[in-house]
Structures are given as C-alpha cells and as structure tokens.
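In: turn this into a model:
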Amino acid sequence: MKRALFIGRFQPFHNAHLVDVNKILKECDEVIIAVGSSQEKNTLENPFSYSERKRMIESVLKKHKIKNCKIYPVPDLYDDKKWVDYIKKNLPKYDYVYSGNLWTLKCLRKHDSKVKKIKLIRGISSTIIRDMIIKDKNWKKMVPKEIYHYIARINGVERIKGVYKSK
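Out: Now for the predicted structure:
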C-alpha cells in the first residue's frame, strides 16, 4: 500500500486542493492531509483554526465520496529539522510527499523523503481567495460549495475583513 503526505495550510481548502487530492489518490492508496500552521488562527495569513480547516476538508471529502484520507495537525516549529522530525514522529509513515510549497519540499527532500511538487492551478490559491474576500470580489467559484457554506456559517468573511482592517 502506498501512502502519500499532502501538506498545506488550506486557508481555505479550495478547488485546486480537491483536484490535488483526487490526483494523489490515483497514484497512492491513502492520503495523509497535514494541516500546516495548525496552531495559528485569526491572522490575515491564517484566519481559520485547525479544527475549522479540518471540518472544511472533511465536509468536502464526504460530499465528494473521497475515502482513504486522514487529517492531522502540523504546527510551525521554526526549525526545519524539528519540523520534519515532528512529522515523522507524529504522523503515520508515508511513501511520498506532495506540496506546492517549495520550502516544504526542500525540507522533506533533505531528509530522504520522495517529494512531488503538485502542479498549481493558475489563478487559484488561498492567498488569492482571501484577497478577493477582502475586496468583495467573487471568490465563491474557487471553492467547493461546502467550503463557501461553512465559511458563511462561521462568519469567516467578516473575520477575514476584520483582521485585514486591524493591520
């Protein structure tokens, strides 16, 4: 059985993440979704808590009947070696690492992990989505419906705008 580690912050989980999970599952039997910066919340870069992000991802996986995925928190440790050691100690063993973040790939490549850079989908990123929310632009088409509804339910738009205004 091949197991993949898919690392991201998922602030929020969007359509490209969903495409990535489906692609990874064509190559591997199971996906460990590692939610990075898990200790962060209520900041411009990390507006949602780990538990909120976990619920978002679970709702999308359930709606799209995607199984064989498990979600784990991964905090920032501000030390590359300690961060990799944390992952290796606290998450299930994996065969491959998938991420769109070059720093993440570099850290794990240094420690003998087989890394694969995901192909980013032009124009879709959590950063772009948060920026569109702040500017009252149409961001809803970039996320699965479950994410839009969840963000609305937790007053996520207002929270992101509030954090932006306080900067």
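
In: which SS class is residue 4?
Out: At residue 4 the chain is in strand, as set by DSSP: H, G, I helix; E, B strand; the rest coil.

In: same check, this time on the one 3 residues further on
Out: Here residue 7 is recorded as strand under three-state DSSP.

In: distance of it from residue 99?
Out: 5 Å (CB to CB, to the nearest Å). Using the backbone N, CA and C atoms, a C-beta is placed for each residue, glycine as well.

In: higher neighbour count, these two?
Out: residue 7 (24 against 21; other CB atoms under 10 Å).

In: for the more buried one, give me its contacts.
Out: 34, 36, 74, 97, 98, 99, 101, 104 (CB atoms under 8 Å, 6 or more residues apart in numbering).

In: what two of those are the furthest from one another?
Out: 74 and 98 (13.9 Å; CB to CB).

In: A strand includes residue 98, no?
Out: Yes - under three-state DSSP, residue 98 falls within a strand.

In: name the element residue 44 belongs to?
Out: Using DSSP states H and E, residue 44 sits in no helix or strand.

In: report pLDDT for it.
Out: Here the pLDDT value assigned to residue 44 is 92.

In: surely it touches residue 130?
Out: Yes - look at residue 44 against residue 130 with CB atoms under 8 Å: they come within range, at 7.2 Å.

In: which residues are in contact with both of those two?
Out: Common neighbours of residue 44 and residue 130 (criterion: CB under 8 Å, 6+ apart): residue 160.

In: show me the shaky parts of the protein.
Out: Scanning the chain for pLDDT under 70 picks out 112, 167.

In: got the residue ranges for the strands in this structure?
Out: All strands of the chain, identified by DSSP state E, fall at 3-8, 30-36, 69-74, 96-99, 114-117.

In: between those strands, which one is nearest to residue 86?
Out: Of all those, the one in closest proximity to residue 86, counting by CB to CB, is strand 69-74 (6.9 Å).
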